[in-house]
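K.L.:
Coordinates only, no sequence provided:
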């Protein structure tokens, strides 16, 4: 029979997640303000010298508010979807302003296409530009594959479109993973081939744009109709890399022996990480992105961070994703 939702409560003697998220966000953004040189400046600092500190304060308060709100029973999935969309809107809003001529809204003042695969392909083609790969790797160390469910500027679209339909049955995890792996290999080979061939840059731009538009088509045609995130779990080559390098983080979602395969949690996982095979093996599939939506549904699922128990691990994840979400609002630009 279905398990009752878990409603964790914080020990009164420990700092609230909001305080921890506030401190972490302020510390990370202060490092950007003090240490990092142009062009990676906080947006407010680009327009008004010294205003970066006000932006840091606002983002730190926002992170603290979000981390505390995530502790409320039943709020996690709804808030995650909303703030993920907020990040995507801010990201593409800055890109739009940059295209309209406000060059300070762009990271370097030069246009780069907002296609996740280019986080890998772009530096290979250009032979430079490691900011996004370094930012991605740092994020994976902290929160593992939660990058895909909280911080990817494109994934938010796939999530919204998938939730417009009842959750269908996705292809097997093996098929989805081999498809993404094949596209990753193709991205690497094509990027290096274009670099060594010396073809005009316009060719690379057109190929990247075509791939990006194809991804949008996958969202609109498959995700919206089938209810599972087809772009993120079967098309995005960066996603294949993220869920594997995400093992650098100790965060894991586990299935307890008490699981009775009631399928209550399955509709919550639009990444297709929960099915009968997962319940039988008592292990979620590699497509799990630590979105955490399933944890509010069933007591047979748990979050672990090394030796920490479920409650402490949830509190830690809420602090980390809230802080990184706020940091990305401040620094993630094309």
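P.N.:
Thanks, I have the structure now. Every value quoted in this text rests on a predicted model; they were computed, and no experiment measured them. Residues are numbered from 1 along each chain as shown.
K.L.:
Buried residues, the stretch of helix or strand residue 191 belongs to. List them.
P.N.:
Using DSSP states H and E, the element containing residue 191 is helix 173-197. Using 16 or more other CB atoms under 10 Å as the test for burial, helix 173-197 gives 173, 176, 177, 179, 180, 183, 184, 187, 190, 191, 194. No exception for glycine: its C-beta is placed from N, CA and C like everyone else's.
K.L.:
burial measure for the nearest residue to the last one once chain neighbours are set aside, as a count.
P.N.:
Yep, that's residue 194 we're talking about. Nearest residue to residue 194, sequence neighbours excluded (CB to CB, 6 or more residues apart in numbering): residue 204, at 4.9 Å. Other residues near residue 204 number 21, with proximity taken as other CB atoms under 10 Å.
K.L.:
Am I right that residue 204 is in a helix?
P.N.:
Yes - according to DSSP: H, G, I helix; E, B strand; the rest coil, residue 204 belongs to a helix.
K.L.:
My read is that it contacts residue 124, right?
P.N.:
No - in this structure, residue 204 is not within contact of residue 124 by CB atoms under 8 Å, at 10.8 Å.
K.L.:
what touches both of these two?
P.N.:
Listed as contacting both residue 204 and residue 124 by CB atoms under 8 Å, 6 or more residues apart in numbering are residue 191.
K.L.:
sorry, back to before: pLDDT and distance to residue 20 added to the buried residues of helix 173-197, as a markdown table?
P.N.:
Below are the buried residues of helix 173-197 laid out as a markdown table (pLDDT from 0 to 100; distance: CB to CB, whole Å):
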| residue | pLDDT | distance to residue 20 |
| --- | --- | --- |
| 173 | 89 | 34 |
| 176 | 94 | 35 |
| 177 | 93 | 35 |
| 179 | 96 | 39 |
| 180 | 96 | 34 |
| 183 | 96 | 38 |
| 184 | 96 | 35 |
| 187 | 95 | 37 |
| 190 | 94 | 43 |
| 191 | 93 | 39 |
| 194 | 92 | 45 |
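K.L.:
Just list the residues touching residue 125, thanks.
P.N.:
By CB under 8 Å, 6+ apart, the contact list for residue 125 reads 191, 192, 194, 195, 204.
K.L.:
and it, what element?
P.N.:
Assigned by DSSP H and E, residue 125 belongs to helix 118-126.
K.L.:
Following the chain onward from that helix, which element is next?
P.N.:
Per DSSP H and E, the helix or strand that comes after helix 118-126 is helix 131-143.
K.L.:
From the contact counts, what lies against whatever helix or strand comes next after that following helix?
P.N.:
Per DSSP H and E, the first helix or strand lying C-terminal to helix 131-143 is helix 146. On a contact count with 3 or more CB pairs under 8 Å, 6 or more residues apart in numbering; DSSP states H and E, helix 146 meets helix 310-331.
K.L.:
Next, residue 303: secondary structure please.
P.N.:
Recorded secondary structure, residue 303: strand (three-state DSSP).
K.L.:
separation between it and residue 254?
P.N.:
8 Å (CB to CB, to the nearest Å).
K.L.:
list the buried ones in the helix holding residue 125?
P.N.:
Buried-residue list, helix 118-126, by 16+ other CB under 10 Å: 118, 119, 120, 121, 122, 123, 124, 125.
K.L.:
Widest-spaced pair of those?
P.N.:
The distance between the two most remote of these (CB to CB) is 11.8 Å, for 119 and 125.
K.L.:
returning to what we had before: quick one: the helix holding residue 125 to helix 173-197, angle?
P.N.:
20 degrees (axes from the mean of the first three to the mean of the last three CA atoms, to 10 degrees).
K.L.:
if you average pLDDT over helix 118-126, what comes out?
P.N.:
Helix 118-126 shows a mean pLDDT of 90.
K.L.:
Check stretch 65-80 too.
P.N.:
92.
K.L.:
quick one: it to chain centroid distance?
P.N.:
17 Å (CA atoms, centre = their mean, to the nearest Å).
K.L.:
Mind listing residues that contact that stretch?
P.N.:
Residues from elsewhere that reach stretch 65-80, judged by CB under 8 Å, 6+ apart: 5, 7-8, 10, 16-18, 20-21, 83, 149-150, 268, 291-293, 295-296, 315, 318-319, 321-323, 325-326.
K.L.:
what about the helices in the stretch 1-150 of the chain?
P.N.:
Under the criterion DSSP state H, counting those that start in this stretch, the stretch 1-150 of the chain contains helices at 17-35, 43-47, 52-69, 76-99, 118-126, 131-143, 146.
K.L.:
Would you mind finding the most buried of the ones you listed?
P.N.:
helix 146 (a mean of 27; mean count of other CB atoms under 10 Å).
K.L.:
and for it, what are the contacting residues?
P.N.:
So helix 146 is contacted by 246, 251, 289, 290, 291, 317, 320, 321 (CB under 8 Å, 6+ apart).
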